[in-house]
Every structure is written in structure tokens, then in C-alpha cells.
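**Q** I'd like to go over a predicted model; first the sequence, then the structure.
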Amino acid sequence: MIVLCCAVEKELSFWQPREDVETLITGVGPVEAAAAVAAAIGARRYTLVVSAGLGGAFDGAAQIGDGVVVADDRMEIDLENGEPIRLPQGAHTVERASSDAALVAAMQERGFAALRGITVSRVTSSEATAQRLAVAGAQIESMEGFAVLRASERAGITAIEVRGISNRCGARESSRWSFETGIMGLRHVVTALFECYGQEYSR
């Protein structure tokens, strides 16, 4: 059984129910996403967790309306100046989680870009923040990706994140945000993912 996750129900308005796929509406943000996915995979064993939804792209990474794969996703769990948190007795923070590498590669073979994600708890709305995150390596922004991938990783379940690009990251007046266009990209990449998974991984 596969679980297909998104933050709000309308993001999966295109989805046609399948017997082998459950949908999970997690709610918005990393805490809601992690809690919802942890509860779901604690109650039932899944073969694949799919984090799907809309995302913003940093300049040069993707176009509005594209469907993309997020190869790895991270959160800023550090000091405001970027320095690591000093923790006692060898403890450390986990700031990055990855989509299944083989599945990412299979999607790349089908022409989908594999990008680096950053998960935020507040949407980027200034050029200064967009530039800072882009310089740090971010190509796409979401509010749930890292949380879903990390919850799956801790449970030992294969996972992948896919996004439809709905806006440019930066100042809101130049974001060109379009829910409908982002959904078109999401539909494209989700459809391809399930075709890919069925062909490559369900034998």
C-alpha cells in the first residue's frame, strides 16, 4: 500500500482513487505534516510514502507550472547566523532528509528535474531571504517536505517528494503565484511517478 500525502485537499483535486493508494491530508506546516505521517505509518505499514504538493522555486531552478522531484530536503535547525547549535554529550541535529535515490534517478530518466528543497515554517516573501536561501543551496521551497521525508526515514519506509511549481520565491509582488498552474505541474509529476513506480518497483 502507498500513502500519498499533501497539506490541503485541493492540492489533490485531480487524483483518481486507486485501491493500492491511500491519501493523507496532513495539514499545513512541518509539525502537522510530521505528526500526521508518523501517526499513519505507525498504524499501517506502507511500501511507499509520497510527499506531494505545491512549492515555490528560486530563480533559475524551475518555471511556474513545472513538475519536479525533490532529491533532498532540509530545514534550518541552527543559530540565526547559520552556525550549528552546540549540544551536549555528542547530540546533534538532523537537518536533511532524502527521497529514494533509485526512484529519483528513474524520474530523472523520464525528464523530471531533481532539485534541492528547503522546508520552511513561514513562506519566503522578501528578496533578501530568497537570496540567502538560494546561496545556501535551496532550489525549491515547501512547508512539509523535510517533515514527511524524515518521518518516513525514521520508520525505514521508502519515500519521495514531488512538487508542482506555483510561484517564484521572493517578494510577493513578483511571485506570480498561481495555484491552478502549480496543480497542473503537480498532476504531471504525480502521474509520471505512479507510472514509474508501477513499472520499476512493483515487480
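**A** Yep, that arrived.
**Q** Mind pulling up the pLDDT for the residue nearest to the spatial centre of the chain?
**A** Geometric centre of the chain, nearest residue: Gly145, 3.3 Å, by Cα atoms, centre = their mean. Here, the pLDDT recorded for Gly145 equals 97.
**Q** what's the pLDDT at the residue of the chain most remote from its centre?
**A** Ranked by distance from the centre of the chain (Cα atoms, centre = their mean), the top residue is Gln89, with 32.0 Å. pLDDT recorded at Gln89 is 81.
**Q** Same question for Ala35.
**A** 97.
**Q** any idea which helix or strand comes after whichever strand or helix holds it?
**A** Assigned by DSSP states H and E, Ala35 falls within helix 30-43. Sequence-wise, the next helix or strand downstream of helix 30-43 (DSSP H and E) is strand 48-57.
**Q** Determine the set of other helices and strands touching that next one.
**A** strand 2-6, helix 30-43, strand 67-74, strand 140-142, helix 145-155, strand 159-168, helix 179-200 (3 or more Cβ pairs under 8 Å, 6 or more residues apart in numbering; DSSP states H and E). Quick note: C-beta positions are derived from backbone N, CA and C, even for glycine.
**Q** out of those, nearest to Arg110?
**A** Distance to Arg110, taken as Cβ to Cβ, is lowest for helix 179-200 among these, at 5.6 Å.
**Q** if you average pLDDT over the closest one, what comes out?
**A** 91.
**Q** What lies in contact with it?
**A** Outside helix 179-200, the residues that touch it by Cβ atoms under 8 Å, 6 or more residues apart in numbering are 2, 4, 10-11, 13-15, 18, 21, 48, 50, 52-55, 64-69, 102-103, 106-107, 110, 112, 160, 162-167.
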